[in-house]
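Colleague: just the structure for this:
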Amino acid sequence: MKPKILVVEDNEANMVLLRDILAIIGSEVLEATTGQEGLRLAREEKPQLILMDIQLPDIDGITLTRLLKQDPATSHIPIIAVTSYAYEKEKDLFSQAGGDGYLTKPIEIESLLKVVTQFIRGEKIHVGEAQNTSSR
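Modeller: Have a look, this model is predicted:
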């Protein structure tokens, strides 16, 4: 069975990149370009994993993560931030909202695949362990 992954990302180029990377592991990719759409898809489709941008046009990714983690229907779904925000404040806020992992852009293909594969297998890692270590 293909892993179902929801990508909440408003930048088209980043969405295409994430979709192509996730195709490498045979994932079914659900796409949302707004927080509201991400909320709806998470509730309806129950993906195995959510990749969440922090900066979205309506609901920010931290607020959306909090909403999803407070909802019993979606609270079990791991959420990994994939964002250009590399500041400790955002990492802390994401973690406090219930986020499960944090990768910074630019996206490193190997790092993303490793983290996604770990979560799909049910291997839990902490927010700090999922960080992309590339320099910007």
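Colleague: quick check on the most centrally placed residue in the chain: phi, psi?
Modeller: Most central in the chain under CA atoms, centre = their mean is L51, positioned 1.6 Å from the mean C-alpha point. When read as degrees, to the nearest 10, the backbone of L51 gives phi -100, psi 120.
Colleague: cool, and I25?
Modeller: The phi/psi pair for I25 (degrees, to the nearest 10) is phi -100, psi 10.
Colleague: and what of T117?
Modeller: Per degrees, to the nearest 10, the backbone of T117 is at phi -60, psi -40.
Colleague: now it: closest residue in space that isn't a chain neighbour?
Modeller: Leaving aside its sequence neighbours, T117 sits nearest to I25 (CB to CB, 6 or more residues apart in numbering; 6.5 Å). In this view, the C-beta of every residue, glycine as well, is placed from N, C-alpha and C.
Colleague: just the pLDDT at the one you found, thanks.
Modeller: Listed pLDDT for I25 reads 91.
Colleague: ditto for I125
Modeller: 62.
Colleague: which helices and strands does the host helix or strand of D20 pack with?
Modeller: Using DSSP states H and E, D20 sits within helix 12-23. When contacts are defined as 3 or more CB pairs under 8 Å, 6 or more residues apart in numbering; DSSP states H and E, helix 12-23 sits against strand 4-8, strand 28-32, helix 109-120.
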